[in-house]
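1. Quick one: sequence plus predicted model below, questions after.
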Amino acid sequence: MSVLKITQNNFETEVLKSDKPVLIDFWASWCGPCRMLSPVVDEIAEENPHIKVGKINVDEEGDLAASFGVMSIPTLVVIKNGQVVNQSVGVVPKQKILAML
Amino acid sequence: MYDVIIVGAGPAGMSAALYTLRANLSTLVIGKDGGALEQTDKIENYFGTGGVISGKELLEKGRLQVENLSGEFLTEEVVAIEWAESFTVSTQSNKYDAKAVIIATGNKRNTAKIKGLDRLEGKGVSYCAVCDAFFYKGKDVGILGSGEYALHEAMALNGLVNSITVFTDGKEISAEFPSDMKIVTEPVDEITGEEKVSGVRTKDGSEYKLDGVFVALGTAGAGELARKLGLPVENNRISVNPDKSTMIPGIFSAGDCIGGVLQIATAVGEGAEAALSAIKYLKSLNK
């Protein structure tokens, strides 16, 4: 599945009301480590149709980032049934991300 | 632009330099000192020394070999490695470009853990000022550290945050911080906060109210450099492939900073492997 751009406008329908687990990648263009993690997240989206994958640009969606308490990027968050079940900070290997799901 | 910059002038870094130089690659070795090996008095388990040798003597001989092959040495502290199309290695005063980088900085031994650091990582504790400065606009932050690396991190925050307090954790200041930054030399007891960082408590019981704490203790080690590049780090060690390449094409790593048995023999071997992989990588660029 392709990666969704998550904004304040689609957050409720795409994330909170999703019937699939959602993996969210909080990122920004100035963040070097985010550039490393991004292609890994893309791969996960492609290879795992049973989950939904979204990216949140913290520069544009400061309120969303704040509502998750994101203070370091990259941050990954896994949401199931509208609840945060797992969270990680920094670049993590693909296997670890898959284990978070 | 150098073909290869090697960060770290211990046995792994210098062994790598011997290989890249012999492959006719322009090579710069940047290191603050000889690391763990320099501190070792007697070495009896390393092949070819004819008996007992001191770490210092072994380093000097190795360095001479590198210099005889026209390798360049710089005694500076590396504070950051960045990549775009090529790599830029920054020290406090200079920047050097290279097509490939070998990280062989060794690993910090016996660093005492400050309470709260692990628990609050990502919740106000940050290891990357340039990544996370954005979240602290107009806020009060602390920096853990006392040297050039701490200053480098402080400058990435300066002007954006409301105030910067430098906690040296009992160490003497060894860099010139701007005068508007408050310096606290008392050892740090704990990073406080439940859900997120609320401040720093020093051993004398003083409490400093802060929104975030940036960690830049000592010199920038492999873990710090790798984190900022976006390389996976586990237990402060860089994860490498069997050929000593990393997730970033053009970056290789060897020696104590990738873990293992922390021996001179393995560091030298890994340095050779990293260099051979770097040579192969640079050849592939020229095709």
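-> Noted; the coordinates are in hand. Residues are numbered from 1 along each chain as shown, chains lettered A, B, ... in the order given.
2. Just give the closest residue to B:L25, not the sequence neighbours.
-> B:D3 (3.8 Å; C-beta to C-beta, 6 or more residues apart in numbering or on different chains). Where C-beta positions appear, they are placed from N, C-alpha and C, glycine not excepted.
3. how close does the one you found get to A:S18?
-> 49 Å (C-beta to C-beta, to the nearest Å).
4. got any ranges where chain A has weak pLDDT?
-> In the predicted model, chain A carries no residue with pLDDT under 70.
5. tell me the centre residue of chain A?
-> A:I24 (1.2 Å; C-alpha atoms, centre = their mean).
6. Identify the residues contacting the helix or strand hosting that one?
-> For A:I24, the host element (DSSP states H and E) is strand A:22-27. Outside strand A:22-27, the residues that touch it by C-beta atoms under 8 Å, 6 or more residues apart in numbering or on different chains are A:6, A:14-15, A:34, A:37-38, A:41, A:44-45, A:51-58, A:65, A:68, A:70, A:73-80, A:97, A:100-101.
7. just those residues that are near chain B?
-> A:34, A:37, A:58, A:65, A:70, A:73, A:75 (C-beta under 8 Å from any C-beta of the partner chain).
8. I'd like the residues you listed laid out as CSV, including neighbour count and secondary structure.
-> Below are those laid out as CSV (neighbours: other C-beta atoms under 10 Å in any protein chain shown; DSSP: H, G, I helix; E, B strand; the rest coil):
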residue, neighbour count, secondary structure
A:C34, 23, helix
A:L37, 25, helix
A:V58, 24, coil
A:A65, 22, helix
A:V70, 24, coil
A:I73, 27, coil
A:T75, 23, strand
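9. Farthest-apart pair in those, please.
-> A:L37 and A:A65 (15.6 Å; C-beta to C-beta).
10. The strand or helix carrying B:M155: how far from the chain's middle?
-> Per DSSP H and E: B:M155 is located in helix B:148-157. Its chain's average C-alpha position is 14 Å from that of helix B:148-157, according to C-alpha atoms, centre = their mean, to the nearest Å.
11. Report all helices and strands that the helix or strand following it contacts.
-> Next along the chain after helix B:148-157, taking DSSP H and E as the criterion, comes strand B:163-167. The contact analysis (3 or more C-beta pairs under 8 Å, 6 or more residues apart in numbering or on different chains; DSSP states H and E) places strand B:163-167 against strand B:140-144, helix B:148-157, strand B:182-184, strand B:199-202.
12. which parts of the stretch 51-200 of chain B sit against chain A?
-> Residues of the stretch 51-200 of chain B lying near chain A by C-beta under 8 Å from any C-beta: B:82-83, B:121-124, B:126-128, B:130-132, B:134-136, B:195-196.
13. from the stretch 1-150 of chain B, which residue is nearest to chain A?
-> B:G122 (3.2 Å; C-beta to the nearest C-beta).
14. Please name the residues that touch the residue located most distally from the centre of chain A.
-> Farthest-out residue of chain A from its mean C-alpha position, per C-alpha atoms, centre = their mean: A:W30, at 17.3 Å. When contacts are counted by C-beta under 8 Å, 6+ apart, A:W30 touches B:130-131, B:134.
15. Walking through chain A, point out its helices one by one.
-> With DSSP state H, the ranges of helices along chain A come out as A:11, A:32-47, A:62-67, A:94-100.
16. Could you export the ones you listed to TSV, including columns for distance to B:R63?
-> TSV is the format used below for these (distance: least, C-beta to C-beta, whole Å):
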stretch	distance to B:R63
helix A:11	57
helix A:32-47	32
helix A:62-67	48
helix A:94-100	40
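17. and B:A278, helix, strand or coil?
-> helix (DSSP: H, G, I helix; E, B strand; the rest coil).
18. what do you get for B:V89?
-> strand.
19. Name all residues that make contact with residue 34.
-> No chain specified, so I'll use chain A. Neighbours of A:C34 in contact, by C-beta under 8 Å, 6+ apart: A:25, A:27-28, A:73-74, B:131, B:230.
20. sorry, should have said chain B
-> B:G34 touches B:9-10, B:55-56, B:59, counting by C-beta under 8 Å, 6+ apart.
21. now with 6 Å?
-> By C-beta atoms under 6 Å, 6 or more residues apart in numbering or on different chains, the contact list for B:G34 reads B:10, B:59.
22. what do you get for A:K52?
-> By C-beta under 6 Å, 6+ apart, the contact set of A:K52 is A:18, A:20, A:22.
23. ok, the second one - how many residues close by?
-> When neighbours are defined as other C-beta atoms under 10 Å in any protein chain shown, A:K20 has 14 of them.
24. how near is it to chain B?
-> 25 Å (C-beta to the nearest C-beta, to the nearest Å).
25. Quick check: phi and psi at that residue.
-> The phi/psi pair for A:K20 (degrees, to the nearest 10) reads phi -100, psi 160.
26. Not counting sequence-adjacent ones, nearest residue to it?
-> Nearest to A:K20 is A:K52, by C-beta to C-beta, 6+ apart, at 4.7 Å.
27. which residues does that neighbour bridge with?
-> A:V22 (DSSP bridges).
28. what do you get for the one 4 residues further on?
-> A:I56 has these beta-bridge partners by DSSP bridges: A:F26.
29. ranges for the helices of chain B?
-> With DSSP H as the criterion, chain B has helices spanning B:11-22, B:35-38, B:55-68, B:129-132, B:148-157, B:222-229, B:264-286.
30. Compare those and report which one is nearest to B:K99.
-> helix B:264-286 (6.0 Å).
31. Show me what the closest one is in contact with.
-> Residues outside helix B:264-286 that contact it (C-beta under 6 Å, 6+ apart) are B:3-4, B:11-12, B:15-16, B:19-20, B:23, B:46, B:99-100, B:102, B:243-245, B:252, B:254-255, B:260.
32. where does chain B have its least confident helix or strand?
-> strand B:233-234 (a mean of 81; mean pLDDT, DSSP states H and E).
33. mind checking how far that one is from the chain centre?
-> The answer for strand B:233-234 is 13 Å, by C-alpha atoms, centre = their mean.
34. Kind regards, and thank you for your time.
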